[in-house]
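Build me a structure from this.
(2 chains)
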Amino acid sequence: MQDNNFQDCVKCTLCTAYCPMAAVNPFYIGPKQAGPDGERYRLKDKAFYDYALKYCLNCKRCESACPSGVRIGDIIAKAKLESGQFRPGLRERILANTDLMGSLAVPFSPIVNPVLKLDVSKKLMDGVLKIDHRRTFPAYAGQTFKRWYDKHAKKDQEAFAQQVYYFHGCYANYNYPKLGQDLVKLMNACGYGVRLLEKEKCCGVALISNGMGAQAKRQAKVNLASIRKAGATVLTTSTTCTMTLRDEYPHVLGLDNADVRDNICLALKFLCEKVESGAVRLAFKPDYQKKVAYHTSCHAEKQGSWIYSLRLLGLIPGVQLTVMESSCCGISGTFGFKKENYAYSQGIGEKLFNNIRSANPDYVATECETCKWQIEMSTGFEVINPICLLADALDMEATRAMNGVR
Amino acid sequence: MKYDEIIIGGGLSGLLCAISLAENGRQCLIVSQGQSTLNFSSGALEFIRTKEGETYEQAIAALPSDHPYQVIGSSELPRLREEAAGLLRRAGITTFCENGRNHWRITPLGALKQAWLSLGEMTHFQKEDLPRRVLVVDIKGYLDFNAAFIASSLGEMGIQAGICELSVSETEKLRENASEFRSANIARVLDGYAIDRLAEAINEKAADADWVLLPAVFGLEKEEPACRILRKIDKAASLIPTMAPSVPGIRLQRMLKQRFLSLGGIFVGADSVCGGDIAGDRLQSVRTVNHPDIRFEADHFVFACGSFFSKGLMATQDKVYEPILGLDVRYEGSHGDWFNPDVYADQPYMSFGVRTDRTLRVSREGKTLENAYAVGQMLSGASPIKSGCTGGVSALSAVRAAELILNQ
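Reported below is the predicted structural model:
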């Protein structure tokens, strides 16, 4: 028997009816054919449906739609890794090696950021690397989150009676340290010290989608070893990292994480549970007023984690919350950066962009960093992780006092 | 996490029950295990099949005493029908139904079946009003709709039925996709202009026809494209459902979900309930696969989990069971007795399902759970294909459960 459940497919094609890529690309054969149907043929020859696999966004909306619980997205992701046809080129290596690129770029961010914005650089990347010139690269930070943490936060953490670990991911580390900083401030105010893992590598989601399975596996092993060593709750702030660590490691990379899977937890879920059980109390600024549009990222939809964000954001008295119809923004990590995918990417997101425009919010809230890039670039509205929104809205002094933190 | 009501299942019965509760100010959570069978809907709901000259009341009276309609009480049914139709209307869904009698509709294979309520764009007629000259339009290359079957079936009734196969550049282009020339894909490319051109082509062919019939491949997200094609055709025109997936069904699912969300409902669409905590005669909370450590608490719970396909009921070689809580299920005999070898005959397993009391409350090990209800296709006693009551059982039991919860 196969280690996936393709045989549970009843051929109803609802996955294809709900696939965002099939909606804008009529020539994509769709998740049913690329996934469980193709899998039967691939038992004979790995090359079947090779040409179609590159269109999969790994958004998992097919899995969310499937009435029979078939892990369609996992089947496609695995087939892609195993087909041998997706030899990563220079572009794929640059886009997928977020750790390497981040480490190289952060020290030179005052130069790198403006250069990435130049028309001439965009044209060059478009011409040479086939990274679309219309795409905006996320800016690199002047200092990584890890460096900030070591300098400014580490020494204070031991004082807290309760401790959690934090898997910050590449985005918080290299591009947006404020997210990690806000998490530390927030957890500290709630009475938790935040530690970092002994070693943290990129979760590997981009490596998986760009055909670099062996490297993804190496990094996953490092992360799992650190998570095992921590032996405690490991919080995350990105829905995609969370899904990769919890579900893609066993389902796509074949790495058993059953002993630590439950330790890996989206910080919003952790906080929501603590607040609802009364273990943690939050005090909000009385004058905080924001109109917020919540966007359910694909991986939040798949994991059902949006429910925690909505409950927490619903606690903020001054937040007027509108929930956007759950739909894919189209970027899918590195997918939307590739020149040949740009039009599909923007086509998929169009419905969401229009919904956001008509909601006309102060902020769009979502837990996915690549959704943030896509929505900011495509609509001009500022996108914020609910963690940052909570940190903004909280009266930190009062919250600390309520949770007995000195 | 506490809600007023938790509804397990996001298909027709789950959504109607939840919408009904939410319209009355209740905070409801729906947990749905993927998409529901509503996505395969014919675009029509049956209430009960009636013989020539028979009234609804007479047909109901002939049902076995454990049929959900009998359990609910036949005197309640007219009011529940009105209420269910109202729920659909308030969700912005255009429907057709006649007071107290069935109309007819045409199936994808050309059979004529009765319906209580149809989506506005679908065929709905009384046999005596059928036009004499019909044109059945097919989309070139589309395999999930059989115009020849439909024409021949109409022909047997003495109707002159012609066929024509048409295409527009958008559908021709779509055919380059080697495998997926399906209803939903076609509906996506048939936008305003394509529809206008298709209507023009139809009008050229339909000069002699009184009625034009087309496959239901219009309007995946909203009704407008379906209304548009019918409006642009010079003759009377209606849509016939296609083989799955169903475009009107997907739209129905979407519009009902939107209605629920607009009333402040929470719809968890990619998760399944895997257990619950019972204390005494009350269900306290349920757990889900995605949130195993969270207790989802509510005052009332509604099981709207569907039948075997939707895994609301499951079977092994020796038993039929309800997988979430092991609720009491009615089934008879051993495995060999569950099936009739004649596939067209009434199948005994179809009437298997969860037992309830007269207020639709479920039981476990013979003990009624005071705050847990079952609705829809998981109920025992209905033999939907034999009685022609599928949609009606789903819709009416859902509305009834909501009413009972609200009256408490």
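
pLDDT of the one helix or strand B:Glu204 maps to, averaged?
Using DSSP states H and E, B:Glu204 falls within helix B:192-205. Across helix B:192-205, pLDDT averages out at 95.

Could you see whether chain A lies near it?
No. Figure legend: helix B:192-205 not in contact with chain A (Cβ under 8 Å from any Cβ of the partner chain); closest approach 12.4 Å. Using the backbone N, CA and C atoms, a C-beta is placed for each residue, glycine as well.

Show the contacting residues for the residue nearest to B:Ile324 when sequence neighbours are not counted.
Of all residues not flanking B:Ile324 in the chain, B:Val273 sits nearest, at 5.4 Å (Cβ to Cβ, 6 or more residues apart in numbering or on different chains). By Cβ atoms under 8 Å, 6 or more residues apart in numbering or on different chains, the residues touching B:Val273 are B:8, B:31, B:33, B:286-288, B:324.

Could you do A:Asn25 as well?
Going by Cβ under 8 Å, 6+ apart, A:Asn25 touches A:55, A:344.

need the helix or strand of chain A with the lowest average pLDDT.
Among the helical and strand segments of chain A, the one scoring lowest on mean pLDDT, DSSP states H and E is helix A:50-53, with a mean of 82.

How many residues are close by the closest residue to chain A within the stretch 251-400 of chain B?
Scanning the stretch 251-400 of chain B for proximity to chain A using Cβ to the nearest Cβ identifies B:Ala270 as nearest, at 3.6 Å. Other residues within reach of B:Ala270, judged by other Cβ atoms under 10 Å in any protein chain shown, total 23.

Just the pLDDT at it, thanks.
As predicted, B:Ala270 sits at a pLDDT of 90.

Chain neighbours aside, what residue packs nearest to it?
A:Ser64 (3.6 Å).

which residues touch the one you found?
Applying Cβ under 8 Å, 6+ apart, we find A:Ser64 in contact with A:18, A:301-302, B:34, B:269-270.

quick one, domains of the chain?
Picked chain A for this. A:6-83, A:290-396 (automatic domain parsing).

that's the wrong chain, I wanted chain B
Chain B breaks down by automatic domain parsing into domains covering B:2-96+B:251-406, B:123-240.

could I get those domains as a markdown table with distance to B:Trp104?
Listed next are the domains of chain B as a markdown table, based on distance: least, Cβ to Cβ, whole Å:
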| stretch | distance to B:Trp104 |
| --- | --- |
| domain B:2-96+B:251-406 | 10 |
| domain B:123-240 | 6 |
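
Now do the same for B:Phe267: helix, strand or coil?
When classified by DSSP: H, G, I helix; E, B strand; the rest coil, B:Phe267 comes out as strand.

hey, what's it bridged with?
With DSSP bridges as the criterion, the beta-bridge partners of B:Phe267 are B:Ile30.

Dihedrals phi and psi, B:Arg105?
With angles defined as degrees, to the nearest 10, B:Arg105 sits at phi -140, psi 170.

beta partners of it?
Beta-bridge partners recorded for B:Arg105 (DSSP bridges): B:Lys113.

Roughly how far does it sit from chain A?
Separation of B:Arg105 from chain A (Cβ to the nearest Cβ, to the nearest Å): 22 Å.

Tell me the spacing between that residue and B:Ile195.
Going from B:Arg105 to B:Ile195 by Cβ to Cβ, to the nearest Å gives 23 Å.

Count the residues that sit near A:Asp50.
Applying other Cβ under 10 Å, we find 18 residues neighbouring A:Asp50.

How about A:Lys155?
9.

now swap in B:Lys257 and tell me
Using other Cβ under 10 Å, B:Lys257 has 23 neighbouring residues.

Kindly report the same for B:Pro348.
So B:Pro348, with other Cβ under 10 Å, has 15 neighbours.

Run the angle between the very next helix or strand once past the helix holding B:Glu204 and helix B:192-205 for me.
Using DSSP H and E, the helix or strand that follows helix B:192-205 in sequence is strand B:211-215. Here the directions of strand B:211-215 and helix B:192-205 differ by 140 degrees (axes from the mean of the first three to the mean of the last three Cα atoms, to 10 degrees).

Could you list every helix and strand in contact with the very next helix or strand once past strand B:211-215?
Once the chain leaves strand B:211-215, the next helix or strand it forms, by DSSP H and E, is helix B:224-232. Secondary-structure packing of helix B:224-232 (3 or more Cβ pairs under 8 Å, 6 or more residues apart in numbering or on different chains; DSSP states H and E): helix B:192-205, strand B:236-240.

what's the most buried one of these?
With neighbours taken as mean count of other Cβ atoms under 10 Å in any protein chain shown, these reach their highest mean count in strand B:236-240, at a mean of 21.

How about residues contacting it?
Residues outside strand B:236-240 that contact it (Cβ under 8 Å, 6+ apart): B:43, B:106-108, B:121-124, B:131, B:145, B:150, B:202, B:210-216, B:218, B:226, B:229-230, B:248.

filter the residues you listed to the buried ones?
By neighbour count, with 16 or more other Cβ atoms under 10 Å in any protein chain shown, the contacts of strand B:236-240 hold B:43, B:106-108, B:121-124, B:131, B:145, B:150, B:202, B:211-216, B:218, B:226, B:229-230, B:248 as buried.

Let me know the secondary structure of the nearest residue to B:Pro241 once chain neighbours are set aside.
Nearest residue to B:Pro241, sequence neighbours excluded (Cβ to Cβ, 6+ apart): B:Ser42, at 4.5 Å. Secondary structure, three-state DSSP: B:Ser42 is coil.

What is the burial count for B:Ser42?
Counted with other Cβ under 10 Å, B:Ser42 comes out at 24.

Check the gap between it and B:Gln114 for me.
12 Å.

what sits against B:Ile163?
Shown in contact with B:Ile163 (Cβ under 8 Å, 6+ apart): B:135-138, B:147-148, B:151.

swap in A:Asn113?
With Cβ under 8 Å, 6+ apart, A:Asn113 has these contacts: A:139-140.

Ok, A:Lys130 next?
Applying Cβ under 8 Å, 6+ apart to A:Lys130 gives the contacts A:91, A:338-340.

Return the per-residue confidence for it.
With respect to pLDDT, A:Lys130 has a value of 90.

wait, doesn't A:Ile348 sit right on A:Pro20?
Yes. Judged on Cβ atoms under 8 Å, A:Ile348 makes contact with A:Pro20 at a distance of 4.6 Å.

So in chain B, where's the weakest helix or strand by average pLDDT?
Every helix and strand of chain B was ranked by mean pLDDT, DSSP H and E. The lowest is helix B:384-387, at a mean of 88.

hey, C-alpha coordinates of stretch B:81-88 in PDB?
Output of stretch B:81-88 as PDB, limited to C-alpha atoms (Å, rounded to 0.1, in the frame of the first residue of the first chain):
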ATOM      1  CA  ARG B  81     -41.600  23.900   4.000                       C
ATOM      2  CA  GLU B  82     -42.500  27.600   4.000                       C
ATOM      3  CA  GLU B  83     -39.800  28.300   6.400                       C
ATOM      4  CA  ALA B  84     -37.100  26.400   4.500                       C
ATOM      5  CA  ALA B  85     -38.100  28.200   1.300                       C
ATOM      6  CA  GLY B  86     -37.900  31.500   3.100                       C
ATOM      7  CA  LEU B  87     -34.400  30.700   4.300                       C
ATOM      8  CA  LEU B  88     -33.300  30.100   0.700                       C
END
